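A.B. asks: Structure for the following, please:
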Amino acid sequence: MKKSTKIWLGILTFMSLIFFIIYIVGFFTIFINHLPEIENDSSNFPMEFFMSFIRIFSFLLLSLIIKVGLMIYYIIHASNNSNNDSSKKIMWILILVFVGFIGNIVYYFLEILPLKEVKIAPKQ
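C.D. replies: Numbers count the residues shown, from 1 in each chain. You can find the predicted model right below:
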């Protein structure tokens, strides 16, 4: 695997986690900022809350899209990895499916980074 591919996989692996953290922090920030308005005027719900929520919800969607894409990529990589026996392949697939973000990060550091780049000799 090329070094640039490893770098991009690392960026995407951490980007999904960062987007999820931005969503959580943003959600509570928006809720706390609009809480006085909601308490004072319960008949009129502030539209700014919905607009802010839609903006912050996009981070959650991006996080989920990246996470699912990486999970599919890592599962395919784990099942095609010739260095692992069948029990280790099953273990990695179960970890990737059930543990989520942390499983992706652990797989990246234990299985993707140590791979050596395969160089193809030119034909003569």
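
A.B. asks: going forward, measure contacts and count neighbours with C-alpha atoms only.
C.D. replies: Noted.

A.B. asks: Now do the buried residues in the helix or strand containing Glu37.
C.D. replies: Secondary structure assignment for Glu37, by DSSP states H and E: helix 3-40. For helix 3-40, burial by neighbour count (16 or more other CA atoms under 10 Å) applies to 6, 9-10, 12-17, 19-20, 22-23, 26-27, 30.

A.B. asks: and the helix or strand following that helix, how far out from the chain's middle?
C.D. replies: Using DSSP H and E, the helix or strand that follows helix 3-40 in sequence is helix 47-80. How far helix 47-80 lies from its chain's middle: 6 Å, per CA atoms, centre = their mean, to the nearest Å.

A.B. asks: Can you list the buried residues in helix 47-80?
C.D. replies: For helix 47-80, by 16+ other CA under 10 Å, it's 49, 53, 56-57, 59-60, 63-64, 66-67, 70-71, 74-75, 77-79.

A.B. asks: which strands and helices sit next to that helix?
C.D. replies: helix 3-40, helix 86-99, helix 101-107 (3 or more CA pairs under 8 Å, 6 or more residues apart in numbering; DSSP states H and E).
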